[in-house]
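J.: The following comprises the amino acid sequence and a computationally predicted model.
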Amino acid sequence: MENCLKKMEIVKMISKDDIRKQIIEAVDSVKTNNPMAGSITNTVTINFVANAQIAVGGSAAMVYLPDEAEFLARAGGAMYINVGALMPIYEESLPRAARNLHENGIPWVLDPVAVGIGQLRTKLLCGFKEYKPTVIRGNASEIIALAGLWNLAGGSQESSARGVDSTDTVVAAKTAAIALARWTGGAVAVSGKEDLVTDGSVAITSHGGSHFFEKITGSGCSLGGVVAVYLTAADPLIAALTATSVYNLAGSRAESMVDSPASFQVAFLDELYKASPGDVADNPFDLEEI
Amino acid sequence: MENCLKKMEIVKMISKDDIRKQIIEAVDSVKTNNPMAGSITNTVTINFVANAQIAVGGSAAMVYLPDEAEFLARAGGAMYINVGALMPIYEESLPRAARNLHENGIPWVLDPVAVGIGQLRTKLLCGFKEYKPTVIRGNASEIIALAGLWNLAGGSQESSARGVDSTDTVVAAKTAAIALARWTGGAVAVSGKEDLVTDGSVAITSHGGSHFFEKITGSGCSLGGVVAVYLTAADPLIAALTATSVYNLAGSRAESMVDSPASFQVAFLDELYKASPGDVADNPFDLEEI
Amino acid sequence: MENCLKKMEIVKMISKDDIRKQIIEAVDSVKTNNPMAGSITNTVTINFVANAQIAVGGSAAMVYLPDEAEFLARAGGAMYINVGALMPIYEESLPRAARNLHENGIPWVLDPVAVGIGQLRTKLLCGFKEYKPTVIRGNASEIIALAGLWNLAGGSQESSARGVDSTDTVVAAKTAAIALARWTGGAVAVSGKEDLVTDGSVAITSHGGSHFFEKITGSGCSLGGVVAVYLTAADPLIAALTATSVYNLAGSRAESMVDSPASFQVAFLDELYKASPGDVADNPFDLEEI
């Protein structure tokens, strides 16, 4: 087993201005270049994932079959793998996609939905440890449970995930998130009332969003898909933060316009589409060195 | 074969006021406790089912695999099984879920979509007879065809279902609905212009709704999912009526706001979310002793 | 291999007035008769396909299993087959459906999504050559690639499809579209900024639509499903043109009302529902003899 702890180094921490500049570049690049990020994801929210990816300027392609998964893993600039509502063919498709992504150095996002439930999900998620997803996105309970499954700091062997819902706070998942990011060498995004994004060196708290995110299905899944879109244009930390920021911005704006969840979902997707690079970069966040 | 006819007893029939009180309790309990009701359902309307369940205050979780189906059958307070657009794995998942639900006394809803079409659907629905779904929800043609498949009164061996659409009236399905309810010891909800809910002792006609229910896909499926949510908090008759009432209320309200089906779907989900316990209880219904 | 070139004949070309009259009849017939057109289609956009089919007045039914596919192939007035996001069972279901459709003379629509990607998709699409889909609907890259796969004029062995997106123009696909239509004896609809519909004898360019069609997922898929609905009531050329016209009309109208893609999708489905027979017939098109 690899030692995932980086050696201590004296490095100048990235500044908030640097981050904002990189967010602007990521949003702008995606709007200009319409990059494709393929997905293997669950049928419940697959349409929302695709429409969110398209709304921010990306292009979506969803597959189930192993050879198509390998094709997407090589053809796109990044890929999104979500283990919700697994189908039998995923036993073959997901490892083949992940192995190809890892071997070809293509960035990918893992969404460990409902980690802890079911034999196939556990087997797949265990196997992904070696393929080191570039960004892991989940709610607090999922992040804690995945760290537990991978025997990393902050993890728990006891999943407190209740299906797709979190029963833990984002703060409680911080240690696990940092450990996961240090293991993968990528970034981790923990979704909650305030969102945490970390690459193991810095912890960023992103503000905004909406209570309606919990009143529609697929806020988290579609966020994962949008992280994959930004991974075609930015490093893991910036991609995760850019996606989180545009979600928090569009969520806040949409919430101010409506009073109910279905109207919110329409307004939210509209605001994803409208968000300018500068607006996304200006969505408030706190930066902390770890 | 069991004798499903209950012995005649002198019992005081439940009053409309009792019913309204129990509806208020069910709606309130779900809004307060956010209960999870898992589903195995078709991909066409799976997103609508989840969003409707969440809108009324519940929590959704959808699976396909047999061991995950068993997990949900034990983990949730109730479950929803819909046989539309069957996938091959359902041959294993659905009987295992239903058997677990039955053996553990967990309430569940069966939606016999398109009963009569295809060998697997027929085999699955025959098998469900012994597992006695707590609530059966369908359109008139489906209820008549299911009673026929189960050799119960009011059933027909000739399915007049046309895919997912009904070609029979709710009134024509009354005998079948009562027979099904008496067989399961639960309740049956027949969707149509006026909806029938029965537990074999009383027949309740629920008013309201919208002609747009037939102009969008998934009104029936999502109603079944919402019945499952209320089954975590109420007996079969009340759960079926509460779900039917909130659908008729929200449908009427949404129809008054829009003139087209896609706007209707958004407004309808919004109104599901907004409906108060008292409003749901006050949605008009007629009560009749059988 | 059949010779797909028709013998030259002196025939009077259909006039624009004839076409408009037939469009009115097709739209009116569907609104009156609520015909069912079954589908085997991808999970990404399956809900949109169903709602679009219902919005124009049809009835939707989606299946995965082989015997259900055969049932739909015989039971409906037409069928829609879309090869996006293939699942393993499609290897059996799609050929059985297509063979039954062909043998029974039931019209069907093929949507060759992402032709060129994956072994199963290639195998299925090769096999469909003999079953002669009544209407083929795709973007320019898909039409060129399918003609290439079938060794017809205008085709290319090199797919320039990028997942589900086209990288070719409609004009570039004209030769391939004509060759495909002549091979099948049906019609081909090529979607793009201006849409081409041809039966191999005439080429019709349909105007209107919206740039938002590319900002939501499923514009093309749902158009294919709507072509199938009109195939229950019109010949291939008129069915393809009627569907294309109502899409261009509703797209233009919806675009004039909104400024963002999610609002557009809602408005677009609403306008599909509202479009009158006369309005659809009056959507502008150019007619050219080939």
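T.: Received it, and whenever you're ready, just let me know what you need. Note that the structure is predicted; figures quoted are calculated from it, not measured.
J.: rest of the way, CA atoms for contacts and neighbours
T.: Will do.
J.: which bits of chain A sit near chain C?
T.: Taking CA under 8 Å from any CA of the partner chain as the contact definition, chain A meets chain C at A:43, A:46-47, A:50-51, A:54-55, A:60-65, A:67-68, A:71, A:89, A:266-267, A:269-271, A:273-274.
J.: residues in contact with A:Ala203?
T.: Applying CA atoms under 8 Å, 6 or more residues apart in numbering or on different chains, we find A:Ala203 in contact with A:Leu196, A:Val197, A:Leu287, A:Glu288, A:Glu289, A:Ile290.
J.: And the residue of chain A that's closest to chain C?
T.: A:Val63 (4.6 Å; CA to the nearest CA).
J.: Quick one: buried ones out of the contacts of A:Ala203?
T.: A:Leu196, A:Val197, A:Leu287 (16 or more other CA atoms under 10 Å in any protein chain shown).
J.: Let's verify the closest residue to the last one other than its chain neighbours: helix, strand, or coil?
T.: Spelled out, that is A:Leu287. Counting by CA to CA, 6 or more residues apart in numbering or on different chains, A:Ile204 is the residue found nearest to A:Leu287 once chain neighbours are left out, at 4.7 Å. Of the three states, A:Ile204 takes strand under DSSP: H, G, I helix; E, B strand; the rest coil.
J.: measure A:Ala55 to A:Gly76 for me?
T.: 18 Å (CA to CA, to the nearest Å).
J.: ugh, wrong one, A:Val27
T.: Taken as CA to CA, the span from A:Val27 to A:Gly76 is 18 Å.
J.: okay, the two: which has more neighbours?
T.: A:Val27 (27 against 23; other CA atoms under 10 Å in any protein chain shown).
J.: From chain B, how far off is A:Asn248?
T.: 20 Å (CA to the nearest CA, to the nearest Å).
J.: Name the nearest residue to that residue, sequence neighbours excluded.
T.: Spatially, and ignoring its direct neighbours in sequence, A:Asn248 is nearest to A:Gly209 (3.7 Å; CA to CA, 6+ apart).
J.: Over to A:Ile216: give its phi and psi.
T.: Backbone geometry at A:Ile216, expressed as degrees, to the nearest 10, gives phi -130, psi 150.
J.: List the residues that contact it.
T.: A:Pro261, A:Ala262, A:Gln265, B:Asn51, B:Ile54, B:Ala55.
J.: Can you lay out the residues you listed as CSV showing pLDDT, secondary structure and neighbour count?
T.: Compiled in CSV, the contacts of A:Ile216 are given as follows (pLDDT from 0 to 100; DSSP: H, G, I helix; E, B strand; the rest coil; neighbours: other CA atoms under 10 Å in any protein chain shown):
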residue, pLDDT, secondary structure, neighbour count
A:Pro261, 98, helix, 29
A:Ala262, 98, helix, 25
A:Gln265, 98, helix, 26
B:Asn51, 98, helix, 27
B:Ile54, 98, helix, 29
B:Ala55, 98, helix, 26
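J.: Assign a three-state SS to A:Asp286, would you?
T.: strand.
J.: what about the nearest residue to it once chain neighbours are set aside, how many neighbours?
T.: Using CA to CA, 6+ apart and skipping residues adjacent in sequence, the residue nearest A:Asp286 is A:Thr205, 5.0 Å away. Here the number of neighbours of A:Thr205 (other CA under 10 Å) works out to 21.
J.: which residues sit in contact with A:Thr205?
T.: Contacts of A:Thr205 were listed using CA under 8 Å, 6+ apart, and they are A:Glu194, A:Asp195, A:Leu196, A:Val197, A:Phe285, A:Asp286, A:Leu287.
J.: before we move on, back to that, so who does the residue of chain A closest to chain C touch?
T.: A:Val63 touches A:Gly38, A:Ser39, A:Ile40, A:Ala69, C:Gly84, C:Ala85, C:Leu86, counting by CA under 8 Å, 6+ apart.
J.: hang on, the first one packs against A:Ala78?
T.: Yes. Here A:Gly38 lies in contact with A:Ala78, judged by CA atoms under 8 Å, at a distance of 6.9 Å.
J.: what's the nearest residue to A:Gln22 if we skip its chain neighbours?
T.: That would be A:Ile238: by CA to CA, 6+ apart, it lies 6.8 Å from A:Gln22.
J.: Then A:Thr232?
T.: That would be A:Gly77: by CA to CA, 6+ apart, it lies 4.8 Å from A:Thr232.
J.: Helices of chain A, start to end?
T.: A:16-33, A:46-55, A:66-75, A:90-104, A:119-131, A:140-149, A:174-184, A:219-231, A:236-255, A:261-274, A:277-282 (DSSP state H).
J.: Which one of those lies nearest to C:Ala176?
T.: helix A:66-75 (25.5 Å; CA to CA).
J.: who's in contact with the closest one?
T.: A:38, A:40, A:63, A:79, A:89-90, A:92-94, A:96-98, A:100-101, A:104, A:106, C:117-119.
J.: hmm, 7 Å instead?
T.: Under the contact criterion CA atoms under 7 Å, 6 or more residues apart in numbering or on different chains, helix A:66-75 has outside partners A:Gly38, A:Val63, A:Met79, A:Glu92, A:Ser93, A:Arg96, A:Ala97, A:Asn100, A:Leu101, C:Ile117, C:Gly118.
J.: Read off the pLDDT value for the second one.
T.: Think A:Val63. pLDDT for A:Val63: 96.
J.: List phi and psi for the closest residue to chain B within chain A.
T.: In chain A, no residue comes nearer to chain B than A:Ala85, which is 4.6 Å away by CA to the nearest CA. Note on A:Ala85: backbone dihedrals following degrees, to the nearest 10 are phi 40, psi 60.
J.: residue contacts, it?
T.: With CA under 7 Å, 6+ apart, A:Ala85 has these contacts: A:Asn42, B:Met62, B:Val63, B:Tyr64.
J.: residues in contact with the last one?
T.: In other words, B:Tyr64. Per CA under 7 Å, 6+ apart, neighbours of B:Tyr64: A:Ala85, A:Leu86, A:Met87, B:Ile40, B:Ser93.
J.: The second one now?
T.: B:Met62 is in contact with A:Ala85, B:Gly38, B:Ser39, B:Ile40, counting by CA under 7 Å, 6+ apart.
J.: And these, which two are furthest apart?
T.: A:Ala85 and B:Gly38 (11.2 Å).
J.: can you count the residues close to A:Asn151?
T.: 15.
J.: quick one, what contacts the residue nearest to A:Ser29 when sequence neighbours are not counted?
T.: Nearest residue to A:Ser29, sequence neighbours excluded (CA to CA, 6+ apart): A:Ala233, at 6.5 Å. Contact partners of A:Ala233, counting by CA under 7 Å, 6+ apart, are A:Ala26, A:Ser29, A:Val30.
J.: For the residues you listed, give me CSV that also has neighbour count, distance to A:Thr242 and pLDDT.
T.: Shown next, in CSV, are the contacts of A:Ala233 (neighbours: other CA atoms under 10 Å in any protein chain shown; distance: CA to CA, whole Å; pLDDT from 0 to 100):
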residue, neighbour count, distance to A:Thr242, pLDDT
A:Ala26, 25, 7, 98
A:Ser29, 19, 12, 98
A:Val30, 23, 11, 98
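J.: Any idea how far apart the tips of stretch A:57-69 sit?
T.: End-to-end distance for stretch A:57-69: 22 Å, by CA to CA.
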